[in-house]
Each structure stands twice: as C-alpha cells, then as structure tokens.
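**Q** Just a sequence and a predicted model for now, questions to come.
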Amino acid sequence: MAAVTQHDVAARAGVARKTVSNVINGYPHVSVGVRERVLQAIEELGYRPNHAAQSLRSGRSRVIGLAVPELDVSYFAELARLIVEAAEKHGRTVMIMQTLGDRTRELAAINGSYTQFIEGMIYSPVSLGRAELENRRDRTPIVLLGERSAGGLVDHVGIDNVAAARAATEHLIAIGRRRIAFLGSQHRRSSTIANLRTAGYSDALVAAGLRPDPRLVVPTTGYHRKDGAAAMQKLLAPPGPPPDGVFCATDLLAQGAIRVLLAEGLRVPADVAVVGFDDIDEGRYSTPSLTTISPDKRQIARSAVSRLLTRSQDDTLPPRDTVTRFVLEQRESTTVAPTS
C-alpha cells in the first residue's frame, strides 16, 4: 500500500498542497476552518509527516522545549498535557524538562544546552530573574509562563496574580468572613508568586475596611500539601483565635490546611472557609470540594505555543506580555449547605 502524501491530504481537505504544508509547519496565517479541515484529513488518512526530512529542509527541529519546576505537581502536569495538545495541532513535539527550581538546571534550560534539539523553550522560572535572561548566551526563542515577567525582554504568558488573589479574598469577605488568613507568603523577596498573591490579599482587606493582621500571614517553605499542613498547625496554635477564612497560594497548600482543620475538629466551611489557587483536578473531587482560583490553563497553553512559534519564525517582533483569563470556582469549601 502506497504511503499517504501531502497531495492526498490536500485532495481530501479541498485545499492546495502548500496549505497542507503550512498547517503542518504551524504557520499562523491559516484560517481556523481550513486548519481544522486539513487536520481532519490528516487523521482520516493516517498521514504521518516526515519530520526528519522537513527539519533538514527548514533548519527547524519541529520540537519545542517545556521546562517546569516539578512534574508531580498537579498544576504543571495538567498544563504540560495542554501544551502537548496545543503543540500537536502545529505539528510539533514537546520535550519536557524538570528543573526542580534548581538554578543550575534553569540556567541550562535558557543558555543553549538543548538548542540542538528544539526550536524554542516554554519556561516556568523559579530561581532565575531578569538579570539571567539579560545575560543569557543563547538566542533560542523563549516564552515565560506564570508569575514572573521579564519586563519586556522576552514573551510572557500568565494571569493577573494580584487581581486573582484579590478576587479570592473578596469572596471570603463577601460570605461574611472577617478574620482571614493567607498561607503561602515567603521570606525570599525574589518569590514573585508570594509577593503578588500577598499583595492582592492585602488590597482586598484594605478595600473592605479590614486591617491586615501580620499574624495571619503565614510563610511556607514550599507550596505542597505538607507545607499547607504545617502552616495551618502554626496558625491554630495558641494564643490567638483561629481564622474564619483562609486563602492559600496554591490548591496543594489548601488541601494540607483542610486536613489539619478537620483533624482539629473544625468544620470546613462552617467554622473556617478555605480558598485555593490553581484549580487542579483533585480539588473538584476532594471532600469538601475546593473553592479555587481557576486560571484558563488551555488559553495559557495555546497562547504560549502560538507565541513561541511566531517568535521562532520572526525574531524581530517586540516581546509581548499576554494576560490570560481566570475565574473563581466556588465549591463546598466556602459554601455552607442549607439546613432543612
């Protein structure tokens, strides 16, 4: 049986062969309807592009890199899956690197250690900032994800963290909570996620006429369940009264905090309402299900891939800061069931 060619795909989709090539190569100037027809024809015919030959002709590897801190953190696992899906629609494969937030690993990711393998890098930084990006040796395109923008040096995709934290805190205020704690501040000034979300929390309190209490702002070593549990244990220790609302910088912190609250005989949300951040899948099925800030992860993934491929084709374009959507998903951890 003869191998399926681009001509076969073009005939099935009713387009020119060049259009098929443009879709496979991820060129942005193809209408959504045409792109979908071509992709459907590719799937129906079982066409498999010869990426090795295409790479030799174009000088592009057709592989993009994704560097994230921890693959076993649900948020990054979910985001990685969506980035892989978005890349596949452009005919790209994703090579995933785990940095563990380690400075040496992050420097390797942005300084050319993988240049021979990839067209560009989608990168979620922890340890590095503007200075390292300014001084990086490699010119491979980079798109930053998350809280830390490079101030116009490279493209960045992420939500407005201050506004999101403000929305979470305003929700707790709206349901009548007044002694509201924040779990997830950091002693390190370089911790952008902590600084932005602490700022949004404080802004909401001040706007509501509530005085921020530094005793209710609890730092954490990391953003995992164990860190949330440790922070909640500290918050519940005498002599102060417990909070009646808690905003956590991540869903994992919130899950650890809720575990301690329940173990101490406190009801969630009747005694203490809890809001997380990230909308990871486990939070929808936990008991109670978790109210959380839900970033539009699919939009983040699509925007990052699209911007990276645009940059790889034209590096003269000015860097862009893309602000993506978020919503507050209200669930059982802040909603008291009505009594009959």
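**A** Happy to help now that I have it.

**Q** hey, where'd the helices end up in the stretch 1-150 of the chain?
**A** In the stretch 1-150 of the chain, the segments counted as helices under DSSP state H, counting those that start in this stretch are 6-13, 17-24, 32-45, 51-58, 74-89, 103-110, 130-134.

**Q** Which strands or helices does the shortest one pack on?
**A** To tie it back to what came earlier, the one meant is helix 130-134. With contacts taken as 3 or more CB pairs under 8 Å, 6 or more residues apart in numbering; DSSP states H and E, helix 130-134 sits against helix 103-110. Every C-beta, even on glycine, is put in place using the N, C-alpha and C of the backbone.

**Q** Likewise for the fifth one?
**A** The elements that helix 74-89 packs onto, with contact taken as 3+ CB pairs under 8 Å, 6+ apart, are strand 63-68, strand 93-98, helix 251-263, helix 281-285, helix 297-313.

**Q** what about 10 Å?
**A** When contacts are defined as 3 or more CB pairs under 10 Å, 6 or more residues apart in numbering; DSSP states H and E, helix 74-89 sits against helix 32-45, strand 63-68, strand 93-98, strand 121-123, strand 142-145, helix 251-263, helix 281-285, helix 297-313.

**Q** Gly152: which of the ones you listed is closest?
**A** strand 142-145 (11.3 Å; CB to CB).

**Q** For the closest one, which strands pair with it and how are they oriented?
**A** Paired strands of strand 142-145, with direction, are strand 121-123 (parallel), strand 155-158 (parallel) (DSSP bridges).

**Q** how much distance is there from the shortest one to the middle of the chain?
**A** A distance of 12 Å separates the centroid of the chain from that of strand 121-123, by CA atoms, centre = their mean, to the nearest Å.

**Q** Repeat that for the last one.
**A** Its chain's C-alpha centre and that of strand 155-158 lie 10 Å apart, by CA atoms, centre = their mean.

**Q** Identify the residues contacting that strand?
**A** When contacts are defined by CB atoms under 10 Å, 6 or more residues apart in numbering, strand 155-158 is touched by residues 120, 122, 124, 141-150, 196, 295, 299-308, 310-311, 317-324, 326.
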